[in-house]
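Student: Provided below for reference: sequence and predicted model.
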Amino acid sequence: VSGLVEYTLRLGDDALILSQRLGEWITRAPQLEEDVALANIALDLLGQARSLLTYAGEAEGAGRDEDALAYWRDERDFRNVLLVERPNGDFAETMARQLWFTSYQYELYDRLRASADPTLAAVAAKAVKEVAYHRDHAAQWVLRLGDGTDESRRRMQGGLAAVAPYVDELFDPDGVTGGLGAVAVDPAALREPSERHVDGVLDRAGLERPPEPAHVARGGRRGLHTEVMGYLLAEMQHLHRSHEGASW
Amino acid sequence: VSGLVEYTLRLGDDALILSQRLGEWITRAPQLEEDVALANIALDLLGQARSLLTYAGEAEGAGRDEDALAYWRDERDFRNVLLVERPNGDFAETMARQLWFTSYQYELYDRLRASADPTLAAVAAKAVKEVAYHRDHAAQWVLRLGDGTDESRRRMQGGLAAVAPYVDELFDPDGVTGGLGAVAVDPAALREPSERHVDGVLDRAGLERPPEPAHVARGGRRGLHTEVMGYLLAEMQHLHRSHEGASW
Amino acid sequence: MAASDERDDAFHAIIDADGRIEPRDDMPDAYRRSLVRQMAQHAHSEIIGMQPEGNWISRAPSLRRKAILLAKVQDEAGHGLYLYAAAETLGVSRDELLERLHSGKQKYSSIFNYPTLTWADIGAIGWLVDGAAITNQVPLTRCSYGPYARAMVRICKEESFHQRQGFEALLALTRGTAAQRAMAQDALDRWWYPSLAMFGPPDTPSQERTATHTEQSMRWGIKRFTNDELRQKFVDMTAPQADVLGLRIPDDELRWNDERGHYDFSDPDFDELFRVISGDGPCNEQRMAHRVSAHADGAWVREAASAYAAKHATAQQEQVPA
Amino acid sequence: MAASDERDDAFHAIIDADGRIEPRDDMPDAYRRSLVRQMAQHAHSEIIGMQPEGNWISRAPSLRRKAILLAKVQDEAGHGLYLYAAAETLGVSRDELLERLHSGKQKYSSIFNYPTLTWADIGAIGWLVDGAAITNQVPLTRCSYGPYARAMVRICKEESFHQRQGFEALLALTRGTAAQRAMAQDALDRWWYPSLAMFGPPDTPSQERTATHTEQSMRWGIKRFTNDELRQKFVDMTAPQADVLGLRIPDDELRWNDERGHYDFSDPDFDELFRVISGDGPCNEQRMAHRVSAHADGAWVREAASAYAAKHATAQQEQVPA
């Protein structure tokens, strides 16, 4: 697999799996406005995933389209970070995940607009506007929950602690990103601006950065996922796989 | 589909799906003895399911074995009662489901030993001993929970109410059972002895029969399941369906 | 008394001229109550209706269909928002209306008390249920209450889009594999009569209370057609579409009647309709439990948002004099 | 003092004669504490070890494999029960030991802090993890403490059955499709070194505390072989089995050494082992959270059972004089 295919799958899988998780909130959100907002974010991410998986399939040249890549790869072949596959937890935990992921993804797409690969640059140019909204949505909720009631502050602090082990992986460079030169964005370069944004939000919300976790979880980029991933894929893929070759 | 195939699938699917649900308790039971006991019941049911599905496949004569029937039928083709597909709920709800299902299944197998079909008779003769233990296990827990603490009594009463809408379907006769004569057992004939057993346990436990439910749920025998069934099957079947034709 | 009569006169003058009543206009209490009930039930139906469809978002069989379904369910939440907002112009808050839903005092459309058992049900709901909804709702775009009529214009436009998507999803199935075709026919078999029942009980004079209710609504310009008229419109629209799909509507009586210029068809089982309305449907309990628990689970979030808003409103006010 | 010495003399006489210490025999406190710690850790490992395997019960790819897996996980719960019961003969209750597990005061085998990512991991755990466990445990059937030794006889018999089933499950994969073979190799690649690490740190004299601990356990007849001796036994047993499976052990140094009469091999990353023991493994937090929440969720059930037992014991006592 070429570095470009691998890199594009990473971007696409992050978007696809987070979209799947956010979709689980629909009909369960704390208020109707959030059913709308979370569905909207899930839709944007799904749109990004479709563009990216389609492009990964083209770059690969083996005839796999977006559905072949989403529905027929097994767990070990998914390249998303572990953060996006985490179960939703409560609304605070979902917002903690959103705060980190959108901060990362915003900085990523912002730079990827200048990618030497015109398709990635075009996807990023469209997506960065969407993600600016997602990032703002997360920040607004972290502010409200951090500076709301005692319970919401406690839960928000708990949500931040719950996702903390999954943050570092976002910023891991490796041979794939290193080998792509100006096509890819160096994940390590995104750490400082992402953390600055997160810290700014936490500061305004009166929240603390959680203590260093005992374990830093990584492995998603190499297909080493957490045990929840298999269940997510079973649900997502079962119907499609049950009708091999069918069109929908 | 012949009446015999249909009837055997019903028996097999009841056992298979309840086994699947009870298996979900393993590592989550209130004490280690219950991890053992629930695994044991799940295993017995799985054994019954395997014999029955194997026989259904033979009677059908289309070359389907136990795995073809368990893994390749879609939701609309499963013939289990809705009771067995209900989510586990808390331990009290699981025991309420067990109390009703084992009371029914015990009476059923007890009579099916005299079936005009020698295979069904043989399966029943073996299974009735297992189910006698399952029934006793459920009764013992309903007694302990009903006559334990205030909380356990409240939960046990809640569990009985939660499963109440799914009880009647166990005893529904139809053309399939009616058309099989001495091969099958008339489900309607099982109501009185099953209820007598359940009432006896509730009486000793100081529990009340819950009020008549607003809705009596039925449809499983015609493949009309509840919305949880699709998720259960997606999880159960995903791996098998992902490797069509493979042996394990 | 005299003032009240004058107010009623002004109201009736607008109604008689087929004009629009606006929130600040005088209106009879019964008109207001009737509208609140209808708009609330409509809003509740949108949000409960998200459940049977939401049930398939995670399992949609292609990414394109997943996107369409997500967008559709999102639209329904949006419809719920418009309609609660429109009802609020009549002086009743969304919280009050949700409370009436959760306590069972107000109803939602009974169609959502049936389960979605296969993917084809998503297509069938779009085609039949949204189709029936549009048939019911298009006349409401001319409803005498302005905010409701305007909400319905926007909603009907989106519903009609959903209906085409549902039809197209079924078409993909009926042009697909044998298993897909069977799935589509099975969905039609299960959703046909519940969809017909969406138009409510028949217009028989024997059911006097209902007849009176319909009549009053028609006088007020809230309702424009009787239940049976709307049901006929729906069948006339839908039967030829079933032919295009190559699916069989499960009604042996269904056939074109040249004399009437309409399709003849069998009525749904109205006893079942009344049972399901009164709580005896496959999913009544599940839908309400899901809705109530989502609301309860979100209470701390709404409280936090209120507390935050109050704090920051106060903070801003305090800044002004300083 | 003199009495204590005499008691110790009796104990040492039994140990020196390779006899069995029984619960009522005198024994040094350090012996008792060491045994309790080891038996508890062993029991905890059985019940935490149910989780990575339990993860695949619902998804097993055939009904036969599902039955085998269910039975295996059930056996592990049973082993936990024997071992807690054996530890209770030393005067410590299961509740106390569980409390020590849940509070993190006592450990379980680090191998269970790795995730089961595919079905092949179930085979690999049976083959490698149970294989390593047996290598460790067979000598314990001759352990100086009677109840532990007897529990181990029964446990080893079942573990050896599990090990064969694991091997056979992998064999089905390596004789299956290309995807199945790749799944099996991937599982071996991930489980090999963690399995080697199950024998603990190497026997280097530099790690004096450990060496002392091992030495003391050997003098007491609790341990019969050093960590490195057991690791070598395991590799010698497993390497030819990998050949039968047609799988490649992920170690370039692995080869038969005619001179030594053993396989040469590379040690696992002991730094990783210590990190995982101290909490920095992929699943430490998940395993503990799962265990603690199952225990907490079941508290009301255990309380009910106690209350019921107490009521009925009282009722029976009251009946006697009446």
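Tutor: The structure has been received and is ready for your questions.
Student: which element is the residue of the stretch 1-150 of chain C found nearest chain A on?
Tutor: Distance from chain A to each residue of the stretch 1-150 of chain C (C-beta to the nearest C-beta) is smallest for residue C:74, at 3.6 Å. For every residue, glycine as well, the C-beta is placed using N, CA and C. Assigned by DSSP states H and E, residue C:74 belongs to helix C:63-88.
Student: In terms of secondary structure, what does that helix contact?
Tutor: helix A:3-23, helix A:32-60, helix A:66-72, helix C:29-54, helix C:94-102, helix C:146-174 (3 or more C-beta pairs under 8 Å, 6 or more residues apart in numbering or on different chains; DSSP states H and E).
Student: show me what contacts the residue found closest to the residue of the stretch 1-150 of chain C closest to chain A once you drop the neighbours it is linked to in the chain?
Tutor: Among residues not flanking residue C:74 along the chain, residue A:39 sits closest, at 3.6 Å (C-beta to C-beta, 6 or more residues apart in numbering or on different chains). With contact set as C-beta atoms under 8 Å, 6 or more residues apart in numbering or on different chains, residue A:39 has these partners: A:22, A:23, A:26, C:70, C:71, C:73, C:74, C:77.
Student: Please report how far the second one lies from residue D:131.
Tutor: Put plainly, it is residue A:23. 43 Å (C-beta to C-beta, to the nearest Å).
Student: now the last one
Tutor: Spatial separation of residue C:77 from residue D:131 under the definition C-beta to C-beta is 55 Å.
Student: do the fourth one as well
Tutor: Residue C:70 is 48 Å from residue D:131, where distance means C-beta to C-beta.
Student: hang on, the earlier thing: which of the contacts of residue A:39 lies closest to residue B:157?
Tutor: Using C-beta to C-beta, residue A:26 comes nearest to residue B:157 of these, at 33.6 Å.
Student: give me every residue that touches that closest one.
Tutor: A:35, A:38, A:39, A:42, C:50, C:54, C:57, C:70, C:73, C:74, C:77.
Student: Which one of those residues is nearest to residue C:228?
Tutor: residue C:50 (29.4 Å).
Student: From what I see, the closest one and residue C:76 are in contact.
Tutor: Yes. The criterion here is C-beta atoms under 8 Å, and residue C:50 meets it with residue C:76 at 5.0 Å.
Student: burial measure for the residue in the stretch 101-250 of chain C that chain D sits nearest to, as a count.
Tutor: The minimum distance from the stretch 101-250 of chain C to chain D, using C-beta to the nearest C-beta, falls at residue C:117 (20.8 Å). When neighbours are counted by other C-beta atoms under 10 Å in any protein chain shown, residue C:117 registers 24.
Student: before we move on, what about residue C:104?
Tutor: Counted with other C-beta under 10 Å, residue C:104 comes out at 11.
Student: Determine the three-state secondary structure at the closest residue to it other than its chain neighbours.
Tutor: Nearest residue to residue C:104, sequence neighbours excluded (C-beta to C-beta, 6+ apart): residue C:288, at 7.2 Å. Classification of residue C:288 by DSSP: H, G, I helix; E, B strand; the rest coil places it in helix.
Student: now residue C:288: how far from residue C:98?
Tutor: Applying C-beta to C-beta to residue C:288 and residue C:98 gives a distance of 12 Å.
Student: Whatever helix or strand residue A:203 lives in vs chain C: in contact?
Tutor: In this structure, residue A:203 is located in helix A:188-205 according to DSSP H and E. No. On the criterion C-beta under 8 Å from any C-beta of the partner chain, helix A:188-205 is out of touch with chain C, staying 9.4 Å away.
Student: Next, the contact list for residue A:134, please.
Tutor: So residue A:134 contacts A:41, A:44, A:98, A:102, A:105, A:106 (C-beta under 8 Å, 6+ apart).
Student: Could I get the full set of helices for the stretch 201-322 of chain C?
Tutor: For the stretch 201-322 of chain C, the helices defined by DSSP state H, counting those that start in this stretch cover C:208-219, C:227-245, C:270-277, C:284-297, C:299-319.
Student: could those helices go into JSON lines alongside mean pLDDT, mean neighbour count and distance to residue D:214?
Tutor: Compiled in JSON lines, the helices of the stretch 201-322 of chain C are given as follows (pLDDT from 0 to 100; neighbours: other C-beta atoms under 10 Å in any protein chain shown; distance: least, C-beta to C-beta, whole Å):
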{"stretch": "helix C:208-219", "mean pLDDT": "72", "mean neighbour count": "14", "distance to residue D:214": "87"}
{"stretch": "helix C:227-245", "mean pLDDT": "97", "mean neighbour count": "18", "distance to residue D:214": "76"}
{"stretch": "helix C:270-277", "mean pLDDT": "92", "mean neighbour count": "16", "distance to residue D:214": "72"}
{"stretch": "helix C:284-297", "mean pLDDT": "97", "mean neighbour count": "17", "distance to residue D:214": "53"}
{"stretch": "helix C:299-319", "mean pLDDT": "89", "mean neighbour count": "14", "distance to residue D:214": "53"}
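Student: and of these, who's closest to residue D:304?
Tutor: Across those, closest to residue D:304 is helix C:284-297 (C-beta to C-beta), at 25.3 Å.
Student: Check the offset of the closest one from the chain's centre.
Tutor: 19 Å (C-alpha atoms, centre = their mean, to the nearest Å).
Student: With stretch A:223-241 instead?
Tutor: 16 Å.
Student: do that stretch and chain B meet at all?
Tutor: Yes. Stretch A:223-241 is in contact with chain B by C-beta under 8 Å from any C-beta, via A:231, A:233, A:234, A:235, A:237, A:238, A:239, A:241.
Student: quick one: which helix or strand includes the second one?
Tutor: Under the criterion of DSSP H and E, residue A:233 resides in helix A:228-242.
Student: And the contacts of that helix?
Tutor: Residues contacting helix A:228-242 (C-beta under 8 Å, 6+ apart): A:17, A:20-21, A:67, A:70-72, A:74-75, A:78, A:85-87, A:248, B:74, B:231, B:233-235, B:237-239, B:241-242, C:58-62, C:119, D:55, D:59, D:117.
Student: Put the buried members of these into a PyMOL selection.
Tutor: Burial among the contacts of helix A:228-242 is assessed by 16 or more other C-beta atoms under 10 Å in any protein chain shown; the matching PyMOL selection reads:
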select buried, (chain A and resi 17+20+21+67+70+71+74+75+78+85+86+248) or (chain B and resi 74+231+233+234+235+237+238+239+241+242) or (chain C and resi 58+59+60+61+62+119) or (chain D and resi 55+59+117)
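Student: Leaving out sequence neighbours, find the closest residue to residue C:40.
Tutor: Closest to residue C:40 by C-beta to C-beta, 6+ apart is residue C:97, at 4.6 Å.
Student: What residues does the one you found make contact with?
Tutor: C:40, C:43, C:44, C:84, C:87, C:106.
Student: What count of nearby residues applies to the closest residue in space to the second one that isn't next to it in sequence?
Tutor: Read it as residue C:43. Leaving out its chain neighbours, the residue that sits closest to residue C:43 by C-beta to C-beta, 6+ apart is residue C:83, at 3.6 Å. The number of residues packed near residue C:83 is 27, by other C-beta under 10 Å.
Student: try residue C:178
Tutor: Neighbours around residue C:178, by other C-beta under 10 Å: 7.
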